[in-house]
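> Okay, predicted coordinates and the sequence, questions at the end:
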Amino acid sequence: MRLRIIVPTLLAGLCLLAPMANAELSTIESPTPSADWQHTEQQAKGQTVYFNAWGGSTQVNNYLDWATKELQARYGITLKQVKVADIAETVNRIQAEKTARNTQNGSADLLWVNGENFNVLKQNGLLYGPFAPSLPNWRWVDKKLPVTQDFTVPTYGFEAPWGVGQLVFIHDMHTMPNPPADLSALLNYAKVHPGRLTYPRPPQFHGSSFLKTALIGLTSGVALDKPVDPATFQRDTAPLWAYLDALHPYLWRQGKVFPNSDAQMIQMLNDNELDMAITFNPGIAPAAIAAGSLPPDAKTYALNQGALTNVHFLAIPFNARAKPAAQVVINFLMSPEAQARKADGAHWGDPSILDVAHLPAGQKALFKDRKPLFNAVAEPHPSWQVALDAEWQKRYGH
């Protein structure tokens, strides 16, 4: 969904965010809708929002089809999903538009983004805002979740939380009733069942996330919440490369070829070509089974160390043409109704970012069947993903 960025960091772009640099988020939070929200909805009516979002999931696309109908009926907004394989493509395009001094008529109005992509957008002054705390549905957001930090980087209200992702593994209970519980067991399983395991090729997001999961599980005492220190990077990551050196010969196609995406892995699992697949959606199984894209006994689970966990966000480019409508779309997608449908395994299964316990009774009832999250492991600083991807390419990318 989200790959490594190739856009250079432009320090000059920080000027757009400079007023927020030393601000505490509490100074811009508001538990009530902004006074001009009704005016925002009036401005939004009749606008078209080009929503650049990962398009690799049938469940996600079907959910956005539903949202498109609701937004048109309720607010007179036309939502156009621009399906991308990698949101970095959109980030690069926005950067090119800024270079060309296109400050009013951008090609994207709304982005599904997080991690290093957000970090690049923020550093280069490519975001509109802050807007998130002024949204009426911000009041229901669970502030215990990392909704004001994105991979350790403060958001300062320049993106709004949409859902919770956890890196988990999918297995077929019929063919693999006892999946590997930790990284050591994963390596042993690969040796006993050569060719039945693999992971997506970095810098594809799920592949990069597997590298981070392995790094976290194999190291201790490394400050992963801080930027990478080039002087100690090789020492800090040595256990990871030793593990992959041992693992790769036993992977699918001897670790010389890797799947291009998590979707390809899921298809391979469904075709009985693999014994496990990777996903960042812990609730994917019911809808995928119903759609025929996973076997009937498919389950998700996390390693004993916990699941790499992050919040994914919605952001508005600095040069979006439909900023009022983009805000209305985001507010709707954060609403209890939309969040409950998204969290429903029959539709998408993506966990909600709302504090359900504090919702009104009628809305709380919408979440009665929600599943608990796996034990969460925090994301490293975005620089670790960039560095790991680059080192992986040097070692295994040929």
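Alright, I've got the coordinates.

> Could you use CA atoms for every contact and neighbour count after this?
Noted.

> neighbouring contacts of the helix or strand encompassing A214?
Assigned by DSSP states H and E, A214 belongs to helix 205-218. With contacts defined as C-alpha atoms under 8 Å, 6 or more residues apart in numbering, helix 205-218 is touched by 1-4, 167, 183, 199-202, 237, 239-240, 261-262, 278-280, 305, 307-308, 380, 384-385, 388-389.

> mind listing what's buried in the next helix or strand after it?
Sequence-wise, the next helix or strand downstream of helix 205-218 (DSSP H and E) is helix 233-247. For helix 233-247, burial by neighbour count (16 or more other C-alpha atoms under 10 Å) applies to D236, T237, P239, L240, W241, Y243, L244, L247.

> correct me, but the third one touches S220?
No - using C-alpha atoms under 8 Å, P239 makes no contact with S220, being 10.2 Å away.

> chain center to the helix holding A214, what's the gap?
Distance, stretch centre to chain centre, for helix 205-218: 14 Å (C-alpha atoms, centre = their mean, to the nearest Å).

> That one versus helix 233-247: what angle between them?
On the basis of axes from the mean of the first three to the mean of the last three C-alpha atoms, to 10 degrees, helix 205-218 is oriented at 100 degrees to helix 233-247.

> Go through helix 205-218 and flag the buried ones.
Applying 16+ other C-alpha under 10 Å to helix 205-218 flags 205-217 as buried.

> all helices of the stretch 151-300 of the chain, in order?
With DSSP state H, counting those that start in this stretch as the criterion, the stretch 151-300 of the chain has helices at 183-192, 205-218, 233-247, 262-270, 285-290.

> just the stretch 1-150 of the chain next, same as before
Counting by DSSP H, counting those that start in this stretch, the helices of the stretch 1-150 of the chain are 37-44, 58-75, 87-99, 116-123.

> Reformat the ones you listed as TSV; add distance to P296 and mean neighbour count.
Shown next, in TSV, are those (distance: least, C-alpha to C-alpha, whole Å; neighbours: other C-alpha atoms under 10 Å):
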stretch	distance to P296	mean neighbour count
helix 37-44	43	15
helix 58-75	17	16
helix 87-99	32	19
helix 116-123	35	24
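
> closest to G362 out of the ones you listed?
Smallest distance to G362 across the helices of the stretch 1-150 of the chain (C-alpha to C-alpha): 19.7 Å, for helix 58-75.

> Mind checking the pLDDT average for the helix holding A214?
Taken as a whole, helix 205-218 carries a mean pLDDT of 96.

> now swap in stretch 55-71 and tell me
93.

> got it, and stretch 312-321?
On average, stretch 312-321 scores 98.

> returning to what we had before: using CSV, lay out the helices of the stretch 1-150 of the chain together with distance to L333.
CSV is the format used below for these (distance: least, C-alpha to C-alpha, whole Å):
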stretch, distance to L333
helix 37-44, 15
helix 58-75, 8
helix 87-99, 19
helix 116-123, 19
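
> F318 contacts L127, doesn't it?
Yes - using C-alpha under 8 Å, F318 makes contact with L127 at a distance of 4.4 Å.

> re earlier: what's the farthest-apart pair in the buried residues of helix 233-247?
Longest span within the buried residues of helix 233-247, C-alpha to C-alpha: D236 and L247, 19.0 Å.

> Would you tell me which one of the buried residues of helix 205-218 comes nearest to W252?
G207 (14.3 Å).

> which non-adjacent residue is nearest the closest one?
The spatially closest residue to G207, leaving aside those adjacent along the chain, is P200, at 4.4 Å (C-alpha to C-alpha, 6 or more residues apart in numbering).

> F258 versus the one you found, what's the distance?
Using C-alpha to C-alpha, to the nearest Å, P200 is found at 6 Å from F258.

> List the buried residues of stretch 248-262.
Buried residues in stretch 248-262, counting neighbours by 16+ other C-alpha under 10 Å, are found at H248, P249, Y250, L251, W252, G255, V257, F258, P259, N260, S261, D262.

> Contact partners for R370?
Shown in contact with R370 (C-alpha under 8 Å, 6+ apart): A343, D344, P351.

> same question, K368
Taking C-alpha under 8 Å, 6+ apart, one finds nothing in contact with K368.

> rerun at 10 Å
Shown in contact with K368 (C-alpha atoms under 10 Å, 6 or more residues apart in numbering): A340, D344, V356.

> buried subset of those?
Of those, these count as buried by 16+ other C-alpha under 10 Å: A340, D344, V356.

> Sitting in helices, which of those residues do you find?
Judged by DSSP state H, helices contain the following of the buried ones among the contacts of K368: A340.

> contacting residues for the nearest residue to K143 once chain neighbours are set aside?
Residue nearest to K143 in three dimensions, not counting chain neighbours: D355, with 7.8 Å by C-alpha to C-alpha, 6+ apart. Neighbour list for D355: R139, W140, V141, D142, K143, K144, L145, P336, K364 [criterion: C-alpha under 10 Å, 6+ apart].

> How much space separates N114 from H312?
5 Å.

> Now do the lengthiest strand in the chain against helix 116-123: the angle between them, please.
What stands out as the longest strand in the chain, according to DSSP state E, is strand 307-315. Here the directions of strand 307-315 and helix 116-123 differ by 40 degrees (the same axes, to 10 degrees).

> just how off-centre is strand 307-315 within its chain?
For strand 307-315, the distance to the chain centre is 5 Å (C-alpha atoms, centre = their mean).

> likewise stretch 178-186?
In terms of C-alpha atoms, centre = their mean, the centre of stretch 178-186 is set 25 Å apart from its chain centre.

> Contacts for that stretch next, please.
169-173, 187-191, 197, 213-214, 217-218, 243, 247, 275-276, 301-306.

> Bridge partners for the spatially most central residue of the chain, pull those for me.
The centroid of the chain falls nearest to H312 when counting by C-alpha atoms, centre = their mean (4.3 Å). Beta-bridge pairing for H312 (DSSP bridges): G163.

> what's near enough to touch it?
So H312 contacts 112-115, 118, 146-147, 150-151, 159-165, 353 (C-alpha under 10 Å, 6+ apart).

> about what we covered before: which of the buried residues of helix 205-218 lies closest to S293?
Distances from S293 to those, taken as C-alpha to C-alpha, are shortest for H206 (18.2 Å).

> ok, now how distant is R139 from G163?
From R139 across to G163, the span is 16 Å (C-alpha to C-alpha).
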